[in-house]
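Chemist: sequence? don't have it. structure:
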């Protein structure tokens, strides 16, 4: 376990930056826990995650805005999920930019869906900047505060290795089930 902490504290900021381009939820939680353990700096970790998360969403927005044909080609098989994202935008408006930061599974879809609409670019930049900041503070500080409990849970999983795949499969199944349910075609 000590080797893992050493590698993460050495390459952790680079990994956090790359991971946060596409979401970074788990990466920021790991950085908060490692900061609690004294292996990383919380302020630096949060700054890296904030900048990367903001840039990642902006790249997705600009990609969708300026490369619609290529983006739509990729989403042929995900039209329902994209439609669900559009429905969220219509229902919740600009609040969805904040919501998507905290909901795993729609994080990459919302900036793309917004980029495909006529949503004001400057408004998206400002809202994305604020949402990235709020997300970073909330997840960063929460994971730091829960560091002791998370490390204790980690020790339990190390002692009982059969728990890790069960937990992972359960989380993936719940996420997949939720996304399938909300994007399911309903009879009217």
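Modeler: Sure thing, it's come through. As the structure is a computational prediction, the values presented were derived from the model and not from experiment.
Chemist: Could you tell me which ranges of the protein sit under the pLDDT cut-off?
Modeler: 1-10, 105, 183, 185-188 (pLDDT under 70).
Chemist: which residues of it fall in helices?
Modeler: Assigned by DSSP state H, the helices in the chain fall at 2-21, 25-36, 42-66, 68-74, 79-92, 95-102, 109-116, 121-145, 147-159, 163-182.
Chemist: I'd like the ones you listed as JSON lines, with mean neighbour count appended.
Modeler: For every residue, glycine as well, the C-beta is placed using N, CA and C. Below are the helices of the chain laid out as JSON lines (neighbours: other CB atoms under 10 Å):
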{"stretch": "helix 2-21", "mean neighbour count": "15"}
{"stretch": "helix 25-36", "mean neighbour count": "22"}
{"stretch": "helix 42-66", "mean neighbour count": "20"}
{"stretch": "helix 68-74", "mean neighbour count": "12"}
{"stretch": "helix 79-92", "mean neighbour count": "16"}
{"stretch": "helix 95-102", "mean neighbour count": "19"}
{"stretch": "helix 109-116", "mean neighbour count": "24"}
{"stretch": "helix 121-145", "mean neighbour count": "17"}
{"stretch": "helix 147-159", "mean neighbour count": "13"}
{"stretch": "helix 163-182", "mean neighbour count": "11"}
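Chemist: any idea how far residue 178 is from the residue sitting nearest the centre point of the chain?
Modeler: For the chain, the residue nearest the mean C-alpha position is residue 23 (2.9 Å; CA atoms, centre = their mean). The gap separating residue 23 from residue 178 is 16 Å, by CB to CB, to the nearest Å.
Chemist: same thing with residue 27?
Modeler: 22 Å.
Chemist: now residue 122
Modeler: Counting by CB to CB, the gap from residue 122 to residue 178 is 33 Å.
Chemist: now do residue 68
Modeler: 28 Å.
Chemist: again, but for residue 70
Modeler: In terms of CB to CB, residue 70 sits 28 Å off from residue 178.
Chemist: I'd assumed residue 112 was in contact with residue 71.
Modeler: Yes - Residue 71 is within contact range of residue 112, at 6.3 Å (criterion: CB atoms under 8 Å).
Chemist: Tell me the residues that contact both of those two, please.
Modeler: Listed as contacting both residue 71 and residue 112 by CB atoms under 8 Å, 6 or more residues apart in numbering are 63, 64.
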